[in-house]
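Asker: let me see the structure of the following:
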Amino acid sequence: MMDSKRLMAWLTVAALSTTLVAAQKRIPDSRKASNEEPFRSFSMLDTKLTLLAQQQEALNAAFNPVQVGSRSEAANSERRTTTSSNMNSTAAEIVLVAGGLERLYRSRHRPFGVQMFRALRSRAEEVQRGVSAVATAQTRSDAESAAKRLDEGMVSLVVQFQAASGGYGATRCSTGAWTCCEPKRSKDLLQSEQVACMWGCVRTAQTCTGFLGPRIRRP
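Answerer: Numbering: from 1, shown residues only. Now for the predicted structure:
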């Protein structure tokens, strides 16, 4: 059963899904992909995080069969190998998306954007290491310890994603304005947040002290 901390993290992702889709629809389809960032990638990451959570549940189930002896050890081993490989692949995709945003904001000379998405990439890499530790555990005790660390890594990844994307779907910028992530003050950061956004609107790109999202154009 999920503990309360982990459950809240998954509920956060589920709640974000609605606002992510709603905000995505406000971005014209004709806009180039780079001009839709990071909202375009937020939608992708939301989907991948949901899949990652499902794959973690499958991985946990592979290590804890409902009926002991219902599968041969060889079948259980194969199932663990497959589920861990799937989860590692999804985490690797998250690393790629976050790394792409990190490079994008480096090219735009937005240090806070680089910092934000480097943190997200780092959390995804931690999950990859956690999956590998679970998959290669030789004893049940080692597997349980590795699974606990993986749980913690998953929560940290989801929390950091929320720190980057939370609230952006609720922004209501007027035509011509820019969406802007302003850095949260250190004292306002939630537990496990390394850096976090406060999404709002600015009339000119120069007044955004964090990093820019899309500019709102006439439909």
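Asker: please make it C-alpha for all contacts and neighbour counts, starting now.
Answerer: Will do.
Asker: what's the mean pLDDT across the longest helix along the chain?
Answerer: Assignment by DSSP state H gives helix 73-107 as the longest helix of the chain. Helix 73-107 shows a mean pLDDT of 91.
Asker: next secondary structure after that helix?
Answerer: helix 111-136 (DSSP states H and E).
Asker: mind checking how far that next one is from the chain centre?
Answerer: Distance of helix 111-136 from the chain centroid (CA atoms, centre = their mean, to the nearest Å) equals 9 Å.
Asker: for the longest helix of the chain, packing partners?
Answerer: Packed against helix 73-107, as judged by 3 or more CA pairs under 8 Å, 6 or more residues apart in numbering; DSSP states H and E, are the following elements: helix 39-63, helix 111-136.
Asker: show me which residues of the first one are buried.
Answerer: Which is helix 39-63. 39-43, 45-46, 48-49, 51-53, 55-56, 58-60, 62-63 (16 or more other CA atoms under 10 Å).
Asker: before we move on, the earlier item: any idea how far the longest helix of the chain is from the chain center?
Answerer: 12 Å.
Asker: list the buried ones in that helix?
Answerer: For helix 73-107, burial by neighbour count (16+ other CA under 10 Å) applies to 76, 79-80, 82-88, 90-95, 97-102, 104-105.
Asker: kindly report the same for stretch 182-200.
Answerer: Glu182, Pro183, Lys184, Glu193, Gln194, Val195, Ala196, Cys197, Met198, Trp199, Gly200.
Asker: what are the bridge partners for the first one, then?
Answerer: Right, Glu182. Met198 (DSSP bridges).
Asker: the longest helix of the chain vs helix 39-63, what angle?
Answerer: If you take axes from the mean of the first three to the mean of the last three CA atoms, to 10 degrees, helix 73-107 sits at 160 degrees to helix 39-63.
Asker: tell me what angle helix 73-107 forms with helix 111-136.
Answerer: Going by the same axes, to 10 degrees, helix 73-107 makes 170 degrees with helix 111-136.
Asker: outside of stretch 171-187, which residues touch it?
Answerer: Outside stretch 171-187, the residues that touch it by CA atoms under 8 Å, 6 or more residues apart in numbering are 112, 195-205, 208-218.
Asker: cool, stretch 58-65 as well?
Answerer: Applying CA under 8 Å, 6+ apart, the set of residues contacting stretch 58-65 from outside is Asn76, Arg79, Arg80, Thr83, Ser84, Ala147.
Asker: could you dump those residues to TSV with distance to Arg121?
Answerer: Output for the contacts of stretch 58-65, formatted as TSV (distance: CA to CA, whole Å):
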residue	distance to Arg121
Asn76	31
Arg79	28
Arg80	25
Thr83	22
Ser84	19
Ala147	20
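Asker: okay, Gly213 and Gly153: tell me how far apart.
Answerer: Look at Gly213 and Gly153: by CA to CA, to the nearest Å, they are 27 Å apart.
Asker: er, Arg217 actually
Answerer: To Gly153, Arg217 is 38 Å away according to CA to CA.
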